[in-house]
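Asks: heads up, no residue letters with this:
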């Protein structure tokens, strides 16, 4: 049994090691890079917080239409001369008392300030949504840029390695010819120097590839200790004449879809409502107010409740005769003096505690208030002027955003056409240099040319391939930018 557990443990270690190896060699696709960058971008996270803040402002503005409700309570002793809250008489002793209040008010009219403020915050909330989308688009464009840069530097590195291998073959061939006495040793030394130069170039291109991967890793916010490699897609480069839309058509598509345009438009609407809301402070405000209040005091803890049917009882002597108060005489209109019967209150003494006092001392009020702005240091007028300036700024920003979008699209459109022509020219140059190099190789093998001529032909071919690679990825990236503004999927 112990042996089985040991084998199982070793198997788990092997599986874990294999998974670790796969994780290190895992290759990211463009879409995976985009998704990961969007999830971890700090700029996107900041815009998410801005959106949440705008949403809170919008919700708060909507709730301002409803009545507020506030309550307060207090309890504590008083010393010295104070008012008995039950009798409203002054007393000079310690009193433990409690109070409770409940108030509510609602604005009936304030120059439509509340309504306009709600719309203002709603448009600001919608603008913040578009700002979030804009930040996401910026992240996507950056990922495409760095992803393409990795592809570009990878191809340059592969070209450099290919040049090293080609030179190495020529070195071996020349060495054999030198040993056979067919060529002078100087030819071999020249090729060995060229191979060393090519190896240095390959090392530089490898460093450029490593740096490009580091930049992509940093953009994705990957941990410092992690490594990254990408999938090399099959990329077909078409001609600029294949572009389905003109620059104006691309611009019209972008106007209807780009979030920065929508954000600028919502900011104008928000600013317009801000002007109307600030003008509301120039009008009277009508409010409805209501409230409840009650109190308690420990000065009175009991009270007498008269009998509802017989609140007074006559006083009798021991044999049932009613007693009269001889000193309590009244003079009637005829001057005749009569005796008054003696009565005592009829009822019961009950507790007059906390809940009973709160019940009995309850008072309510309902009022309608009118507040008229007569003079407030021109603050209301200044607020209106500031709101109008904010609106004007929003209008300028909207125009500037549209113009910048047109500039970007026009530049991108022309860049695509120019990059396509450059790619086509570079393609022809590579074809010509490859043919020239093939001829040079044959001449070199036959001993018809020296090593210097061979080096020139090889360097010319390498430079042509480098120019082709640069033109290729320049065209691809700029075409992706144009596709982005047309709402097309950003994939290779």
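Replies: It's in. In this text the structure is predicted, and so the values were computed from the model without any measurement. Residues are numbered from 1 along each chain as shown.
Asks: Quick check: residue 488 vs residue 199, distance?
Replies: 42 Å (CB to CB, to the nearest Å). (Each C-beta comes from the backbone N, C-alpha and C, glycine too.)
Asks: Mind checking which of the two has more residues around it?
Replies: residue 199 (16 against 12; other CB atoms under 10 Å).
Asks: Tell me the spacing between the residue nearest to residue 316 when sequence neighbours are not counted and residue 313.
Replies: Distances taken as CB to CB, 6 or more residues apart in numbering put residue 322 closest to residue 316, at 5.5 Å, once the chain neighbours are dropped. Distance, residue 322 to residue 313, using CB to CB: 11 Å.
Asks: Also residue 73?
Replies: Taking CB to CB, one finds residue 73 at 42 Å from residue 313.
Asks: More neighbours: which of those two?
Replies: Between residue 73 and residue 313, counting by other CB under 10 Å, residue 313 is the more crowded of the two (13 against 10).
Asks: just checking, that one touches residue 344?
Replies: Yes - applying CB atoms under 8 Å, one finds residue 313 in contact with residue 344, separated by 5.5 Å.
Asks: can you give me the helices for the stretch 251-400 of the chain?
Replies: For the stretch 251-400 of the chain, the helices defined by DSSP state H, counting those that start in this stretch cover 259-279, 354-360, 379-446.
Asks: out of these, deepest packed?
Replies: helix 259-279 (a mean of 21; mean count of other CB atoms under 10 Å).
Asks: strands paired with the lengthiest strand in the chain, and their directions?
Replies: The residue-count maximum for a strand in the chain (DSSP state E) belongs to strand 95-109. When pairs are called by DSSP bridges, strand 95-109 turns out to pair with strand 68-78 (antiparallel), strand 285-297 (antiparallel).
Asks: winner for burial among those strands?
Replies: strand 285-297 (a mean of 17).
Asks: any idea how far that one is from the chain center?
Replies: Taking CA atoms, centre = their mean, to the nearest Å, one finds strand 285-297 lying 42 Å from the centre of the chain it belongs to.
Asks: Next: stretch 290-301.
Replies: 51 Å.
Asks: Need the residues that contact it.
Replies: The contact list for stretch 290-301 (CB atoms under 8 Å, 6 or more residues apart in numbering) reads 84-87, 91, 93, 95-105, 351-354, 357-359, 361-367.
Asks: what's the helix or strand hosting residue 205 packed up against?
Replies: Following DSSP states H and E, one finds residue 205 within helix 185-219. Where contact means 3 or more CB pairs under 8 Å, 6 or more residues apart in numbering; DSSP states H and E, helix 185-219 is packed against helix 113-179, strand 229-230, helix 451-485.
Asks: closest one to residue 282 among those?
Replies: helix 113-179 (9.7 Å; CB to CB).
Asks: what angle separates the closest one from strand 95-109?
Replies: If you take axes from the mean of the first three to the mean of the last three CA atoms, to 10 degrees, helix 113-179 sits at 80 degrees to strand 95-109.
Asks: what is the orientation angle of helix 113-179 with helix 259-279?
Replies: 160 degrees.
Asks: Report the angle between helix 113-179 and helix 379-446.
Replies: Using the same axes, to 10 degrees: helix 113-179 against helix 379-446 is 10 degrees.
Asks: Do you know the pLDDT at residue 458?
Replies: We have a pLDDT of 81 for residue 458.
Asks: which residues touch residue 152?
Replies: So residue 152 contacts 212, 469, 470, 473 (CB under 8 Å, 6+ apart).
Asks: Would you list the phi and psi of residue 246?
Replies: Main-chain dihedrals, residue 246, degrees, to the nearest 10: phi -80, psi 170.
Asks: What is the neighbour count of it?
Replies: Neighbour count of residue 246, defined by other CB under 10 Å: 10.
Asks: what sits against it?
Replies: Neighbours of residue 246 in contact, by CB under 8 Å, 6+ apart: residue 413.
Asks: Pick out the shakiest of the helices and strands packed on helix 185-219, pLDDT-wise.
Replies: helix 451-485 has the lowest average pLDDT among the helices and strands packed on helix 185-219, namely a mean of 83.
Asks: And that one, what does it pack against?
Replies: Checked by 3+ CB pairs under 8 Å, 6+ apart, helix 451-485 has helix 113-179, helix 185-219, helix 247-257, helix 379-446 packed alongside it.
Asks: could you check the angle helix 185-219 makes with that helix?
Replies: 20 degrees.
Asks: all numbers from here: first residue = 422
Replies: Happy to do that; since the first residue is 422 now, the last one works out to helix 872-906.
Asks: Verify the stated contact: residue 448 with residue 651.
Replies: Yes - contact status for residue 448 versus residue 651: in contact at 5.8 Å, counting by CB under 8 Å.
Asks: So those two - more neighbours on which side?
Replies: When residue 448 and residue 651 are compared for neighbours, residue 651 comes out ahead with 19 against 10, by other CB under 10 Å.
Asks: Could you measure from the more buried one over to residue 567?
Replies: 10 Å.
Asks: so what's in contact with these two at the same time?
Replies: Shared contacts of residue 651 and residue 567 (CB under 8 Å, 6+ apart): residue 637.
Asks: Please name the bridge partners of residue 726.
Replies: Under the criterion used here (DSSP bridges), residue 726 is bridged to residue 769.
Asks: Next one: it, what pLDDT does it get?
Replies: Looking at residue 726, the pLDDT reads 78.
Asks: how about low-confidence regions in the stretch 572-721 of the chain?
Replies: Applying pLDDT under 70 to the stretch 572-721 of the chain picks out residues 657-663.
Asks: residues contacting residue 678?
Replies: residue 908.
Asks: how about a cut-off of 10 Å?
Replies: Under the criterion of CB atoms under 10 Å, 6 or more residues apart in numbering, the neighbours of residue 678 are 554, 906, 907, 908.
Asks: On the three-state scheme, the last one is what?
Replies: By that I understand residue 908. Following DSSP: H, G, I helix; E, B strand; the rest coil, residue 908 is assigned to coil.
Asks: give me the number of residues near it?
Replies: Neighbours of residue 908 using other CB under 10 Å come to 12.
Asks: and what of the second one?
Replies: Counted with other CB under 10 Å, the neighbours of residue 906 add up to 20.
Asks: Would you check that it makes contact with residue 671?
Replies: Yes - using CB atoms under 10 Å, residue 906 makes contact with residue 671 at a distance of 5.8 Å.
Asks: residues shared between the contacts of those two?
Replies: Shared contacts of residue 906 and residue 671 (CB under 10 Å, 6+ apart): 830, 833, 834.
Asks: Mind putting the residues you listed into TSV with pLDDT?
Replies: Putting the shared contacts of residue 906 and residue 671 into TSV (pLDDT from 0 to 100) gives the following:
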residue	pLDDT
830	91
833	88
834	90
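Asks: could you redo these as CSV and give each row distance to residue 863?
Replies: Listed next are the shared contacts of residue 906 and residue 671 as CSV, based on distance: CB to CB, whole Å:
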residue, distance to residue 863
830, 50
833, 45
834, 45
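Asks: All set now, cheers.
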